[in-house]
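This is a predicted model, with the sequence first.
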Amino acid sequence: MKYFVTVNGLVREVEVIERLGQLEITVDGKPYELSYNEVDDLGQVVVLHGGRSFGLSLEGDENDVTASLAGHRYDVNLEDERERAAHAAERAAGKAGGVLNAIMPGVVVEILATKGQKVAKGAPLLILSAMKMQNEIGSPADGLVQEIHVSAGQAVSAGAKLITLTPVEAG
């Protein structure tokens, strides 16, 4: 599974694969040998790396963590690929029109909007199947569907044009 880990504002791409009970970890594409043992149910962990052990204290939930290591505090945010794509769509929600691009590769399952249709912010535009999940792609803002660049059944790559919206003035 690929994760995007932000530590004190610095983003790293981390891939974790479990094979035969062992973790294979890459950080920004480079192999990283690491193992860990949970000490208790309170977030205390021993991390083993490079022949050294480190005591780590973790607090928070599965997405936002505060880690303490040797008296230093680190704010950590974790997103898997699907969460990152969803959050990117949310961040784009402030945009008032323009081209809506695929944020991950997938297959267009269904087009839910039509050319010329007026849509409200959040209205479903299409369904994109990616990573074995069907994702409803909503309108990032109120707008008018100017152009539909894809069709049902079409495979798209990340960044592919899906739909062009024209801003609609409120009122």
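Thanks, I have the structure now.

Every contact and neighbour count from this point should use C-alpha atoms.
Noted.

Can you pull the domain assignment for this structure?
Split into domains by automatic domain parsing, the chain comes to 2-80, 95-167.

Dump the ones you listed to a markdown table, plus mean pLDDT and mean neighbour count.
Compiled in a markdown table, those are given as follows (pLDDT from 0 to 100; neighbours: other CA atoms under 10 Å):
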| stretch | mean pLDDT | mean neighbour count |
| --- | --- | --- |
| domain 2-80 | 89 | 14 |
| domain 95-167 | 88 | 18 |
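
SS state for the residue most central in space within the chain?
Taking CA atoms, centre = their mean, the centroid of the chain lies closest to residue 84, which sits 1.2 Å from it. Secondary structure, DSSP: H, G, I helix; E, B strand; the rest coil: residue 84 is helix.

ok, now which ones touch it?
Residues in contact with residue 84 (CA atoms under 8 Å, 6 or more residues apart in numbering) are residue 4.

For it, give me the pLDDT.
We have a pLDDT of 78 for residue 84.

ok, it to residue 104 distance?
Note on residue 84: its distance to residue 104, by CA to CA, to the nearest Å, is 10 Å.

Tell me which residues touch residue 58, please.
Contacts of residue 58 (CA under 8 Å, 6+ apart): 42-45, 65-68.
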